[in-house]
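# could you work out the structure for the sequence below:
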Amino acid sequence: MVVTVLSVIQVIACLFLIVTILLQKAPSRGMSGALSGQQETFFGSNKATGIEAVLANLTKIFGVVFVIISLILVLLG
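All right, here's what the predicted structure looks like:
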């Protein structure tokens with residue numbers, strides 16, 4: 001019973017993870033960023049704002065939920 005419930009939650013988390021990844025805007029830096037050696041750091045000015053920030057946070061949350069449930073299912077199996 002527990003395995004079935006966790007499996008359903010895992011499938012739902014997987015679907016939401018796929019949707020949030022597909023809705024994110026692709027970074028289009030082009031070849032100029034790769035050739036000029038520009039690096040982005042953690043404290044860079046390219047922070048996501050608005051809907052991009054929400055999608056990035058949801059992607060992290062669903063990814064963590066997916067991994068945790070996967071590990072629990074492995075331990076129960």
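
# show me where pLDDT drops low in the protein?
By pLDDT under 70, the low-scoring segments of the chain are 28-48.

# which parts of it are helices?
Along the chain, counting by DSSP state H, helices occupy 2-23, 30-36, 51-76.

# could you export those as a markdown table, including mean neighbour count?
For every residue, glycine as well, the C-beta is placed using N, CA and C. Listed next are the helices of the chain as a markdown table, based on neighbours: other CB atoms under 10 Å:
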| stretch | mean neighbour count |
| --- | --- |
| helix 2-23 | 13 |
| helix 30-36 | 9 |
| helix 51-76 | 14 |
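
# distance of the spatially most central residue of the chain from Pro27?
Centroid-nearest residue in the chain: Thr59, 3.1 Å away (criterion: CA atoms, centre = their mean). Here Thr59 is placed at a distance of 14 Å from Pro27 (CB to CB, to the nearest Å).
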